[in-house]
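Chemist: Structure, please.
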Amino acid sequence: MSNYTDASLIYYPSGYKAGKAYSLKPTNGSGDLDFTRASTATRVNSNGLIESVATGVPRIDYTSGCGKLLLEPQRTNLAFRSQELDVSPWTPIAASVTSNAAIAPDGTLTADKLIDTVTVTNHRVQQATSSAIGVNTFSVFAKKSELQYVALRIGSDIGYFNLNDGTFGALSVGITASTVYYGDGWYRCSITKTSASANESILINTADSIGNIFYGGTNGGFFLWGAQLEAGSYPTSYIPTLGTSVTRVADDARKNGISSLIGQTEGVIYFEFDYKKNQINTPLFQTSLGTTNAIYVLCLSDFKLRFIINLGGVSQVSITTATVPNLGINKLAIAYKANDAAFYLNGTQVGVDNSCSIPTVDSIYLTTANQNTQAFMTFTTRLSNTDLATLTTL
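Modeler: Predicted structure coming up:
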C-alpha cells in the first residue's frame, strides 16, 4: 500500500493563508480546508517563540517539535495584566516584582522577576480574580533564578513545581498539574482545580522543595511571564491581557462538498493527532455537523474513544477503545463498508462490526477536541485490516 497513491485527500500542516489550510492532495485545491477564527490567537512558531496570529489565519504550532494544526475551543483569560506582575491588580506579599528582568518565551524583554524578602514568612504575588464556579486552570511561564521551586494556587489549593526539570507534585485534593517545556529554561506550569468557587484568588508562591512553601528569606527569586486563568480542564494557548479579560474564540476547520474524496459506500478515514485528554463527549472529527447521518470518532467522558456510524438516526456502528489513548501522538483509522467496519488505534485492532449500513457523506469537520492535528487522510476504498494496522503503527 502506498498512502500517497491510494489516498484521495491528504492533509499535513504546511501551507496556509487567511481562511485556508492547504491540503497536499488533491493538488488543485479542491481538498483545502476552509478555516475561520474571529479573533487573534497565539502559537509557538518554528523558531520556538510565542507569537500572535491574525484573525482568520490557521495556526501551525511547534510546541512539541513537529508542526500541528492547532484547533482550540473558545477560552477567556480571566487574569488581568498577564505580563505585568509588577502592577495592580497583582499584589506582592513579602516580596517584590522587578519588571522586564529577562527575555520571555516570545523573545521580548518582558518577563518579570519575583524576589522574596529576608522576612521569614509566606512570599508570593497574588491577584483577586473573577474565577468561574467549577473547573478552572491557572498557568504561568516560570524560569528558575536563585530559586528553583514555585508553587501555584487557586484559592487555598496548591501544586508545586521544580524548575530544574519540570517535575511537580504535592497536589491538593482536587488539583491536577502539568508542565510543558518551552526552551531557554522556561516551563509553562499549570494547575487545574475541579471545584473552584467564584472569585478565588490566584497566587504564585516561592517554595524550597516539592511540598514546602518557602518561609525563609534570601532576596532571591525566579522569572515569571504569561499568567492565565481560564474556565476549563487544561491550559490552552496563551491569551495576553492588559486591564481586562480577553477572549480567544474557537477555531473552525472544515471542507464541505467533497463526496468524490470521501468514500460513499466504502472508505477509510485516517487521523493522526496529539491527544490532550480534552473536550470530553465531543467528536475528534466528523463527516457532518449533526449525528443523524454521520461517521465520526467521539471522545468519551472516561477519555476513551468511540467509532460511531449513524444512518437516519439509527446506530450502525459503535466500537469503543478498551484503554485510554496515549498522551501525545496517536494514529487511528476507521474503515467502513456495508457489513464490514473496523477501528484501529496505534497499530492494534480495537474492534469490528459485520452488520452495518453506511450513510452518504460529503464533508469533513476537524473539531477543537483534537486540538493538535498532525495529519489526516481519506480513502474511497475499504483498506485491508493488514493495511490498517500498518497505517496506524506508531
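Chemist: Contact partners for the residue lying closest to Glu266 once chain neighbours are set aside?
Modeler: Leaving out its chain neighbours, the residue that sits closest to Glu266 by Cβ to Cβ, 6 or more residues apart in numbering is Lys337, at 3.7 Å. For glycine as for every other residue, the C-beta is placed from the backbone atoms N, C-alpha and C. The contact partners of Lys337, taken as Cβ atoms under 8 Å, 6 or more residues apart in numbering, are 265-267, 358, 382.
Chemist: element containing Ser64, please.
Modeler: For Ser64, there is no enclosing helix or strand under DSSP states H and E.
Chemist: Can you give me the buried ones in the top helix by length along the chain?
Modeler: In the chain, taking DSSP state H as the definition, the longest helix is helix 385-392. Buried residues in helix 385-392, counted by 16 or more other Cβ atoms under 10 Å: 387-389, 391-392.
Chemist: Can you give me the pLDDT of the residue nearest to Arg188 when sequence neighbours are not counted?
Modeler: In space, Arg188 comes closest to Val180 once its chain neighbours are excluded; the distance is 4.7 Å by Cβ to Cβ, 6+ apart. Per-residue confidence (pLDDT) for Val180: 94.
Chemist: thinking Val180 is in contact with Thr63, fair?
Modeler: Yes. The pair Val180 and Thr63 passes the contact test of Cβ atoms under 8 Å, sitting 6.6 Å apart.
Chemist: who's more crowded, those two?
Modeler: Thr63 (19 against 16; other Cβ atoms under 10 Å).
Chemist: where in the stretch 251-394 of the chain is pLDDT low?
Modeler: 277-279, 369-371 (pLDDT under 70).
Chemist: Show the residue spans covered by the helices in this structure.
Modeler: Counting by DSSP H, the helices of the chain are 3-6, 385-392.
Chemist: Name the residues that touch the shortest one?
Modeler: Okay, so that is helix 3-6. By Cβ under 8 Å, 6+ apart, helix 3-6 touches 10, 25, 377, 379, 381, 383, 391.
Chemist: The protein - how does it break down into domains?
Modeler: The record's domain parsing of the chain by automatic domain parsing lists 3-72+251-392, 76-247.
Chemist: what's the span of the longest one from first residue to last?
Modeler: Domain 3-72+251-392 stretches 11 Å from its first residue to its last (Cα to Cα, to the nearest Å).
Chemist: average pLDDT for stretch 33-51?
Modeler: Rounded mean pLDDT across stretch 33-51 is 97.
Chemist: Only the buried residues of it, if you could.
Modeler: 33, 35, 37, 39-45, 49-50.
Chemist: Skipping its backbone neighbours, what lies nearest Phe307 in space?
Modeler: Phe343 (4.1 Å).
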